[in-house]
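Visitor: Take this sequence and fold it.
(one chain, ligands or ions: 1)
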Amino acid sequence: MARFVNVAIGQLGPIARNETRPQVVVRLAALMHQASAMGCDLIVYPELALTTFFPRWYMEDQNEIDAFFEREMPGPETQPLFDLAKALGMGFCLGYAELAAENGGIHRYNTSILVDRNGACVSKYRKVHLPGHVEHEPWRRFQHLEKRYFEPGDRFGVVAAFGGVLGMAICNDRRWPETYRVMGLQGVEMVLIGYNTPVHNPPASEHDDLSLFHNQLVMQAGAYQNGSWVVGVAKAGIEESVDQIGGSCIVAPSGEIVAACTTKGDEIALARCDLDLCNSYKRTTFNFDVHRQPSAYGMIVERKGVHLKADGTPLATC
Ligand code: CDT
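Guide: Numbering: from 1, shown residues only. This is a model prediction of the structure:
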C-alpha cells in the first residue's frame, strides 16, 4: 500500500515580544485551517513558535526569562491548537521553550513535539546542538544566548507515526551531519526541522550573504545522504529589529526541493510526500548495511573537535 503524507510547512512571520500566546495560537490555527482545507495530514511549525526568539536578549531575572517558557504542554493557552488538530484530524509539529520539573530539579530545553491526528503527543525532542554563547557579549548587534537559557538534549530519536518513521531536529541541528545520520541509522523517512536563523551572524558576518544557501545546502545533503524527506520551517522576517531568513522548504529523498515558501510572513507550502521514495536511496547508494564502514569512523564519537597544536595547526596531518 502506498504511503503518502501530505505535509504543510507552517511558516511564521515575526512574533513581537509583546505578542501573547493566545494571539500566536490564533495565527497557528489559521495556518492549520488552510493546510486542512488543502488536504494535509501534518503541519510543521518553526522552532520556539509560541514567542519571539528571546535568546537574542541578555536577561538576568529568571522570572523574566521563564515567562518565555511553557510549564505544561498542552497548557490552557495551547489547548485550543490540540483541540483544533483533533477536530480537523490533522497532526502538527511545534517548537517551544520547555520548563520541565524532572529528577528533583528544574530543567529548560528548546523542544519540539509531534502531535498525531487525535491530538495526542507521540514524540518529544530536545535540541541537542545549542548555538551561541553563555555570557553577555555587548559587541554583538544582538545576542544568541541559547547556551545560557537551555540545557542540551541528549538524543535523536525516531517514532512510528503518520504511516512512516519520523524524527525531529531544531534549527542549528540541521547544520550537523550527525543529526541526520543518527536518525538515518534508525530508518528515518522524514525529519521535521523548525528554525530561527538571523541573516547576520555576528562572529562571521562574511557568511551573511550565504545564509539561505547554507540553509538549503545542509537540508538537501541531509535528505539525500540518508534517503529521507526533510521539512524545514522558518520563523522569518524582521523580528524585534533582527532580520531572519525564510527559505522554508520540503526536500525529497533525492535532495530536490519540491515545495517552498516565497514570503517572509505567515505562509503555508505543501507537498504530497511519498515515503516509499526513500527506498531507492536506502536500498542502493545509501544502503548502510552494505556500504558503510563504521570501523573507519571511530573518531566521530571519540573526539569532540580537531586536536590543535599551540600554534593552531592540527596535530594529526594525515
Ligand atoms: N536558532 C538557531 O539555532 N539559530 C542558529 C543561528 C546561527 S548560530 C548563532 C542557526 O544555526 O541557524
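Visitor: Within range of the ligand, give me the residues from the stretch 201-318 of the chain.
Guide: N201 (C-beta under 6 Å from any ligand atom). Yep, even glycine has a C-beta here, placed from its N, CA and C like the rest.
Visitor: Give me the below-cutoff pLDDT ranges for the stretch 201-318 of the chain.
Guide: For the stretch 201-318 of the chain, the stretches flagged by pLDDT under 70 are 316-318.
Visitor: ranges for the helices of it?
Guide: Ranges of helices in the stretch 201-318 of the chain, per DSSP state H, counting those that start in this stretch, are 211-226, 277-282, 288-291, 299-302.
Visitor: nearest residue to the residue in the stretch 201-318 of the chain that the ligand sits nearest to other than its sequence neighbours?
Guide: Nearest residue of the stretch 201-318 of the chain to the ligand, counting by C-beta to the nearest ligand atom: N201, 5.4 Å away. Distances taken as C-beta to C-beta, 6 or more residues apart in numbering put H207 closest to N201, at 5.5 Å, once the chain neighbours are dropped.
Visitor: re the thing from before, closest one to I113 among the helices of the stretch 201-318 of the chain?
Guide: Closest approach to I113 among the helices of the stretch 201-318 of the chain is made by helix 211-226 (20.6 Å; C-beta to C-beta).
Visitor: And the closest one, what does it pack against?
Guide: Helices and strands touching helix 211-226, by 3 or more C-beta pairs under 8 Å, 6 or more residues apart in numbering; DSSP states H and E, are helix 177-184, strand 190-195, strand 229-234, strand 249-251.
Visitor: and with 6 Å instead?
Guide: The helices and strands touching helix 211-226, judged by 3 or more C-beta pairs under 6 Å, 6 or more residues apart in numbering; DSSP states H and E, are helix 177-184, strand 229-234, strand 249-251.
Visitor: Send me the longest one as CSV with only the CA atoms.
Guide: It refers to helix 177-184. Coordinates of each C-alpha in helix 177-184 appear next as CSV, following Å, rounded to 0.1, in the frame of the first residue of the first chain:
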residue,chain,number,x,y,z
PRO,A,177,25.6,15.6,9.5
GLU,A,178,25.4,13.6,12.7
THR,A,179,21.9,14.8,13.3
TYR,A,180,20.5,13.1,10.1
ARG,A,181,22.8,10.1,10.3
VAL,A,182,21.8,9.1,13.8
MET,A,183,18.2,9.2,12.7
GLY,A,184,19.1,7.6,9.4
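Visitor: Show me how far stretch 62-80 is from its chain's centre.
Guide: Centroid displacement of stretch 62-80 relative to its chain, using C-alpha atoms, centre = their mean, to the nearest Å, is 19 Å.
Visitor: Thank you kindly, that will do.
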